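Colleague: just need the structure, nothing else, for what follows:
(2 chains)
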Amino acid sequence: MNNTSKRAYSLYVLAAAFAAGIVILIAQMAVNGGEWAANRANKHIYSRGQIAAAGVIVDSKGVVLAETAKGKRVYNKDKTVRMATLHTVGDTAGSISTGIHAAYRKELSGYSLWNGIYRLKEYGRGSDIHLTIDAKACAAAYKALGNYMGTVGVYNYTTGRILCVASKPAYDINNKPDDILTNTEKYEGVYLNRLLSGVYTPGSVFKTVTALCAIDNIPDINTRSFTCAGKATIGGGKVVCNGVHGKVNFEKALNKSCNIAFGQLAVELGKEKLMVTAESLGFNQSMKIDDIRTAGGIFDLAAANDLDLAWAGIGQYSTLVNPLQILTMMGTIANGGRRVSPYMVEKIVSPSGIVTNRGSINAKSLIEINTESAERLKALLRSDVVNSYGDSRFRNLQMCGKTGTAELKDGQTPHAWFAGFSLRADMPLAVVVVVENGGSGNKVAIPVANKVMQALVP
Amino acid sequence: MAIPFPTNKGKRPGETMRVKTKKTRPFKWKLAMLPVTAFQMLSFSSVVFETGQPDIRLMYIFAGYIAMEWLYLIISRLVTKRTSFELEIIAFFLTGISLVIAGGINEELAYKQLAAAAAGLLVFILTILILRDPEFAMSLRIPAAFACVGILAANLLMAKTVNGALNWIELGPFSVQPSEFVKAAFVFIGAVTLDKLQSTQSLTKYVVFSVCCVGALFLMRDFGTALIFFFTFIVIAFMRSGDIRTIILVCAGALLGAMLIVYFRPYVATRFATYRHVWDFIDDSGFQQTRVLIYSASGGLFGLGLGKGKLREVFAASTDLVFGMLCEEWGLLLGVFILLAFLLLAVFAVKTARVSGSAFYAIACVAAAAMMLFQTALNVFGVTDLLPLTGVTLPFISRGGSSMICSWALLAFMKCGRFAGGEAKNRAY
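Modeller: All right, here's what the predicted structure looks like:
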């Protein structure tokens, strides 16, 4: 055998590289196949940029929110339900990026490495997605918002299941308006799910945070006394209150939402302590709900002087919050300080019948705030409703909560907020309502919250 | 060449040396061909009965192909008394797939593809007959070299641009890719020339010839084929001289040249910019690769079914992108199986080269195997974005006569690797 023949071994080097290439090819397909198959350019699934074939999306009661019939995507028959669930379900062109149609397109295609999208092609079914939301409650929330823009969210604070998501403005997916991009007055941010992606000035809802900080750091807070004369000078500037409250204790100050008391408290507590409490309640952090990222909001006191601090303590200054985060804050307090992550996708059922329980896996329980403080705050929030807002406005709900009237720039009508929760053992639900430019939280947001909660009474 | 011969050295008188002979089991070609034929009948019938009503003409075309396969094997067996048909059977399997794909598009293409397969088989037989007589083969090297350069020059002058490459010439109803024919000739010339003399003159002539070819291909903007030629040149040079240093020098020179080309030719630079970023260019320079990935993934392991794919609607689906079409409609398992078939082809070829008694046959065999495997890698890994995309076809499977004929010509070189000892008029090189 001569040298030439021995050098034939060099081909084995090429062969080995080729074999390695085959392995890499298989590996890439296994890892990325689902993402590739779900790409918008896949004509098996998308026709002219719209999902034509995909699995069914149902609510917690099995009400069909979206399905494929005769090669077209078909939605719920009721117009209000369609509009109320628009942002949750999403559109098929992907304009609503936080909708299930966009965020879960891989699952909706029913892709598996074994079958590819064979089942979708053959039987017209992908994986079905079962949501935790109650379409009826969403419709009630949507109607309750009336002509205002805003958002409503309700979730079960012991399990994390989100029961209601509504965001206005919305549109009827069966009848998309022509002026949707041009009519900014009517359709500003229409593709945004305001519960997940909106950020607003919190206003007095933030007093909950300041209160918690005080409970944690001021041992004698219950015996303290504040004097409110309608306005006060704090840190060289003026803080104006929403009334003249005279001498109040801590509980009364929260019931009356006294700006002077809480402004002074904020300054007394100081930046660091306030930031620590806020961050333990989820401020400045975005969450992941079923692979969908929420907005993070801003709570930054680095450049704040005492006057800024006072305003920050009552939910003004530069603070911006995401409604879902406020919702989970309330849920954490209601759940004895243990935060349960909210989720919307209950389970996914593959075309071959395999059930993947999504929600419960992701619903992590994290101890966020200390239980005793949570219980004390809970009692205070209950007294808000009993002493100030009126228990009869939340009939049979054993409601706790805090309103907010968030002042805005340039003389705009403030945002109306309500955030709270029910103490009923058979209805452990937290609720958040933001009515954009609605004015008084007490007057405008509370009725909305009540309507939604009543729709969810078991 | 010294043939190892058993001697009595070191043995006590009276003791005989036992000569160890390796018993080669005859390749059970009938056993191997049966599953191939069964697979072909299955795939052929799914095309014939695709519309419910059997397409009679297609049936004849497919039957004709199966008949051709078996005729060749039976006649070959009788004439040469050999059974080592491993290479042909793999090639028949792959060629059959190209026929199914063509048939799945329309009848006319199936007809053309059958003609291409027949032509390929003919070229295969002819090439082997030529190569069996090394003196005669040797005498062809100058004409072959001129033909190569001539064809490439004619191509440069006459060809029309088809999607960025000046690589097609229309001869009546047929469009041919001359560079395909030049590929086989290149292997032949390389093996023959370097085999003749180790003088610098001969080597220089070969280098000049190779540079001309590669240069012409660059001018034609067929960078994929240029790359294949270059790679084959390296293999041939290595097989002959075994000098790693020369190889490294050549590679360094080539790398420099490549960098200059990338700098000056925006078309090439685009290919590299798109590489590993195909999703950012999903609707322009990454169009083909992303569609291949999307539709291959859609197929899963077992495919969506013959004719049910969407990749077939994309341009070049049955030529450059055929691997994606296979994965989408027949499944990833079959795609991987086909890749393994190519691997097996190369490995079988090299195994035979080891026992070859002649340097000429060994070089030709290894070079052809390397060229085919390299081209397969460029095609398959290019369309799946594991390598930059170069517009080369998949041997045997891509639809087209020129590609088919070239593949069978290369197969002939691979088969000739086993010409050893007394089988061919062999000279000690």
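
Colleague: any idea which helix or strand carries the residue lying closest to A:D384 once chain neighbours are set aside?
Modeller: Spatial nearest neighbour of A:D384, excluding adjacent residues (CB to CB, 6 or more residues apart in numbering or on different chains): A:N255 at 5.5 Å. C-beta here means a position set from N, CA and C on the backbone, and glycine is covered the same way. Using DSSP states H and E, the element containing A:N255 is helix A:250-256.

Colleague: on that earlier part again, and the residue nearest to A:D384, what is it in contact with?
Modeller: Residues counted as contacts of A:N255 (CB atoms under 8 Å, 6 or more residues apart in numbering or on different chains) are A:S383, A:D384, A:N387, A:S388.

Colleague: the second one - how many residues pack around it?
Modeller: The reference is to A:D384. 22 (other CB atoms under 10 Å in any protein chain shown).

Colleague: hmm, A:M287 is touching A:T328, no?
Modeller: Yes: with contacts defined as CB atoms under 8 Å, A:M287 counts as touching A:T328 at a distance of 7.4 Å.

Colleague: compare these two (neighbour count), which wins?
Modeller: Taking other CB under 10 Å, A:M287 and A:T328 do not tie; A:T328 has more neighbours (28 against 17).

Colleague: neighbours of B:G303, just the number please.
Modeller: 24.

Colleague: which SS class is A:V154?
Modeller: Following DSSP: H, G, I helix; E, B strand; the rest coil, A:V154 is assigned to strand.

Colleague: can you tell me the SS state at the closest residue to it other than its chain neighbours?
Modeller: Distances taken as CB to CB, 6+ apart place A:C164 nearest to A:V154, at 3.9 Å, with adjacent residues excluded. Here A:C164 is strand, with the state taken from three-state DSSP.

Colleague: A:C164 is in contact with A:C138, isn't it?
Modeller: Yes: counting by CB under 8 Å, A:C164 touches A:C138, with 5.3 Å between them.

Colleague: between those two, which contacts overlap?
Modeller: Counting by CB under 8 Å, 6+ apart, A:C164 and A:C138 have no common neighbour.

Colleague: quick one, strands of the stretch 101-250 of chain B?
Modeller: Remark: strands assigned in the stretch 101-250 of chain B by DSSP state E, counting those that start in this stretch are B:160-162, B:165-171, B:174-176.

Colleague: select from these the stretch with the lowest mean pLDDT.
Modeller: Ranked by mean pLDDT, those bottom out at strand B:160-162, which scores a mean of 57.

Colleague: what is the burial count for the closest residue to A:N370 other than its chain neighbours?
Modeller: Residue nearest to A:N370 in three dimensions, not counting chain neighbours: A:G337, with 5.8 Å by CB to CB, 6+ apart. For A:G337, the count of nearby residues is 21 (other CB under 10 Å).

Colleague: do A:D300 as well
Modeller: A:D300: 15 surrounding residues under other CB under 10 Å.

Colleague: likewise A:N115?
Modeller: Neighbour count of A:N115, defined by other CB under 10 Å: 23.

Colleague: do the same with A:L380
Modeller: Neighbour tally, A:L380, other CB under 10 Å: 22.

Colleague: remind me which helix or strand it belongs to.
Modeller: Assigned by DSSP H and E, A:L380 falls within helix A:371-383.
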